[in-house]
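Engineer: What follows is a protein structure lacking sequence information:
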C-alpha cells in the first residue's frame with residue numbers, strides 16, 4: 001500500500017500509461033499525486049483528473065520539461081513538503097522520433113534522449129538525500145533487444161537502466177523496467193496498425209493492461225535494479241536473428257544456433273550438410289527460366305503487402321512506386337531484410353529506393369540469385385572404397401557398417417526446450 005501522508009511524482013502523468021499508473025496508486029492508498037506534463041494538464045484530461053479526485057486523491061498538475069534540470073528541481077521542491085514529503089518517483093515520460101541511424105542527427109537525438117536521460121539524472125540528484133520508498137524508471141525493451149529506427153530511444157532507456165544500477169550500488173532505491181509495448185496506452189497507442197502487426201509477426205505482442213499493472217505491483221518491491229517485461233514468443237522472435245548475432249543476455253532464451261540453422265533461419269550452411277535452402281529458392285529452381293520472374297514478383301508482392309499491411313485481396317500494381325503506397329525508410333529496410341532472409345542473399349538496404357516498384361525489384365533480385373537448376377543436380381557419388389558391397393559371407397555387423405558408410409550424417413538439433421511463456425519477466 002502507498003502512504004496516505006506522502007506525495008508521489010508521476011512524469012508523463014497525463015499520458016495513457018501515466019494515468020493508468022495514477023489510478024492504480026490511488027486504488028492502493030496514495031492520496032497526494034503530482035502529475036507532470038510538458039505543458040501541464042491538457043484540457044481534455046480534466047474529466048480523468050476529476051475521477052482521480054473522487055477517489056480521495058489530491059492531484060497537483062504541473063508543467064515540467066524533464067529535459068531541463070531547473071524544471072525538475074522546481075517540481076521536487078514544490079512536492080516535498082513537511083506535511084506530505086516526497087516518497088516516490090515514477091518516471092514514465094518519453095518521446096519518439098524514429099529514423100534509421102544514417103538519417104539521425106544530434107538535434108533529433110537530443111529531443112528523444114533529454115526527457116529520459118536528463119530527467120532521470122535530475123530526479124536522482126534532487127532526491128538522493130530523501131528517504132524514498134521507490135525510484136522507478138519506465139525504460140523500454142528496445143534497450144535490450146533493439147528496434148529498427150530507435151537507436152536514439154534505445155540509448156536513452158539504456159541510460160536509465162545504468163542509472164538504477166548505480167543507485168543500487170550506493171544504497172539508494174532504483175528499479176528500471178524494460179517494458180515491451182502496452183496495449184491501448186503508452187507509445188503503442190500512437191503506433192500505426194502496420195507496425196503492431198509486424199511486431200506480432202516477429203513474436204512480440206502487446207502487454208494487456210491488467211497484466212502490466214499486476215507486474216508493476218510485484219516489481220515495486222523487487223530488490224533487482226533492472227527487469228524486462230515482454231509478451232513474447234522466443235521461438236518466433238529468434239527466427240529473425242541470424243546465428244551469431246543474438247544479444248548475449250538472451251542466449252539462454254533463444255532457440256539454439258544449430259536448431260535455427262537447421263530450420264533455414266540463416267542462409268549459411270547448417271552443420272551436417274543441410275543448406276537451409278528456402279522454399280522460395282526451391283520453387284524458383286523448379287520453375288522454367290522464362291516463368292521465374294513472375295514467381296519472384298508474386299513473392300515480393302506478398303512481402304510488400306505484409307510490410308505495408310495492405311489488404312491481400314487487393315491487386316498490387318507491380319509498376320506503381322512503393323513510396324506512393326506509404327513505404328517509408330524503416331519499411332524499406334524491413335522489406336530488404338525480409339527478402340534477403342527468404343532468398344538467402346545480401347540485398348542493399350536501399351533496394352526499394354533503387355528499384356522503386358515490384359517489377360524492377362524482381363528483375364534486379366533475379367539477376368543476383370544463384371539458382372541451382374533441378375536438371376543440373378549432381379549425380380549420387382559412388383560408394384567409397386572403404387564401403388565395399390557386402391558379400392553373402394559378410395557378417396551382419398559388416399553389412400550394417402557397409403550400409404551406414406554411404407549415408408550422410410543427419411543434422412541433430414540440440415539444446416534445452418525453449419518455453420513460449422505468454423509473458424516474460426526477466427531479472428537483468
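Structural biologist: Ah, there it is. Please read all numbers here as calculations on a predicted model, not as lab measurements. Residues are numbered from 1 along each chain as shown.
Engineer: C-alpha only now, for contacts and for neighbours.
Structural biologist: Noted.
Engineer: what about residue 120, is that helix, strand or coil?
Structural biologist: Assigned by DSSP: H, G, I helix; E, B strand; the rest coil, the conformation of residue 120 is helix.
Engineer: make that residue 37, sorry
Structural biologist: Here residue 37 is recorded as strand under three-state DSSP.
Engineer: Quick one: residues contacting it.
Structural biologist: Applying CA atoms under 8 Å, 6 or more residues apart in numbering to residue 37 gives the contacts 11-14, 61-65.
Engineer: That one and residue 345: what is the separation?
Structural biologist: Residue 37 sits 48 Å away from residue 345, going by CA to CA, to the nearest Å.
Engineer: Kindly report the same for residue 1.
Structural biologist: Noted for residue 1: a distance of 56 Å to residue 345, by CA to CA.
Engineer: more neighbours, these two?
Structural biologist: For residue 1 versus residue 345, neighbours defined as other CA atoms under 10 Å are more numerous around residue 345 (17 against 10).
Engineer: show me where pLDDT drops low in the stretch 201-350 of the chain?
Structural biologist: Across the stretch 201-350 of the chain, the ranges flagged by pLDDT under 70 are 242-245, 256-277.
Engineer: Can you get me a residue count around residue 296?
Structural biologist: Close neighbours of residue 296, defined as other CA under 10 Å, add up to 23.
Engineer: quick one: contacts for it?
Structural biologist: With CA under 8 Å, 6+ apart, residue 296 has these contacts: 284, 362, 366.
Engineer: before we move on, which element is the residue nearest the centre of the chain in?
Structural biologist: Residue closest to the average C-alpha location in the chain (CA atoms, centre = their mean): residue 147, at 5.1 Å. Taking DSSP states H and E as the definition, one finds residue 147 inside no helix or strand.
Engineer: what separates the residue nearest to it when sequence neighbours are not counted from residue 56, distance-wise?
Structural biologist: Spatial nearest neighbour of residue 147, chain neighbours left out: residue 154 (7.7 Å); criterion: CA to CA, 6 or more residues apart in numbering. Distance of residue 154 to residue 56, computed by CA to CA: 38 Å.
Engineer: When the two are compared, which one has more neighbours?
Structural biologist: The residue with more neighbours, out of residue 154 and residue 56, is residue 154; 22 against 15, by other CA under 10 Å.
Engineer: can you pull out the helices in the stretch 1-150 of the chain?
Structural biologist: 16-27, 46-54, 69-79, 106-127, 142-145 (DSSP state H, counting those that start in this stretch).
Engineer: and residue 90, which of these is closest to it?
Structural biologist: Closest approach to residue 90 among the helices of the stretch 1-150 of the chain (CA to CA): helix 16-27, 8.6 Å.
Engineer: Touching the closest one from outside, list them.
Structural biologist: Outside helix 16-27, the residues that reach it (CA under 8 Å, 6+ apart) are 2, 10-13, 33, 52, 55, 57, 92, 184-186, 213.
Engineer: So which of those sits lowest on pLDDT?
Structural biologist: Lowest in pLDDT among the contacts of helix 16-27 is residue 186, which has 65.
Engineer: hmm, back to that, and of the contacts of residue 37, the nearest to residue 230?
Structural biologist: Closest to residue 230, out of all of these and judged by CA to CA, is residue 12, at 20.9 Å.
Engineer: residues contacting the closest one?
Structural biologist: Residue 12 sits next to 18, 35-38, 91-94 when contact means CA under 8 Å, 6+ apart.
Engineer: related to what we said a few turns ago, how far away is the residue nearest to the centre of the chain from residue 86?
Structural biologist: With CA to CA as the criterion, residue 147 and residue 86 are 35 Å apart.
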